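K.L.:
here is my input, please return the structure:
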Amino acid sequence: MIGGPRAPASRAIDVILRQTSDLRRLCLSLQEARNCEQEARLVAEFGRAVLTPESAACLDLPALQSGFRNLWKEGQYDRIVEVGRTLSKDLLEGDETVFMYYTCAARRLAEGALGHREST
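P.N.:
Next up, the predicted model:
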């Protein structure tokens, strides 16, 4: 009778664990959706701000990071460098992520130009 009384309790635990797992999965998917919405909002803010060089300097850091991340994904390295040149040195070099995107984009452009010259 050792296994008899415990069997219903273990089934109840299995159900609770499955429900908990399902709720956790749902919460993570909702959080991911919120993050995607926030990222889209920040990229849109970045897009509006870089229309004029003066307003790019007034961007908040998360919008700048999101904008550079989006440009990087799209392979627009020239645009990253172009925007980066309009930023103050403090803003550009003050954030590790922004500076990384800028320097890597500049390097990609330099490597591309060098590769193009070697092939001609």
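K.L.:
who's in contact with T20?
P.N.:
T20 makes contact with no residue, according to C-beta atoms under 8 Å, 6 or more residues apart in numbering. Just so you know, the C-beta spots here come from the backbone N, C-alpha and C atoms, and that holds for glycine as well.
K.L.:
ok, longest helix in the protein?
P.N.:
helix 6-49 (DSSP state H).
K.L.:
what's the offset of it from the middle of its chain?
P.N.:
18 Å (C-alpha atoms, centre = their mean, to the nearest Å).
K.L.:
repeat that for stretch 66-80.
P.N.:
11 Å.
K.L.:
list the buried residues of stretch 21-35.
P.N.:
Across stretch 21-35, burial judged by 16 or more other C-beta atoms under 10 Å covers no residue at all.
K.L.:
stretch 82-97 now?
P.N.:
Neighbour counts over stretch 82-97 (16+ other C-beta under 10 Å) mark 83-84, 87, 91-92, 95 as buried.
K.L.:
what does that stretch rub up against?
P.N.:
With contact meaning C-beta under 8 Å, 6+ apart, stretch 82-97 is reached by 50, 53, 56-57, 61, 64-65, 67-68, 71, 98-99, 101-102, 105-106.
K.L.:
E32: which of the residues you listed is nearest?
P.N.:
Q65 (18.2 Å; C-beta to C-beta).
K.L.:
which of the contacts of stretch 82-97 lies closest to R79?
P.N.:
Checking those against R79 with C-beta to C-beta, the nearest one is L71 at 5.1 Å.
K.L.:
which SSE is the closest one in?
P.N.:
Assigned by DSSP states H and E, L71 falls within helix 61-73.
K.L.:
which ones among the buried residues of stretch 82-97 map onto helices?
P.N.:
Mapping these onto helices (DSSP H) picks out 83-84, 91-92.
K.L.:
cheers, nothing more for now.
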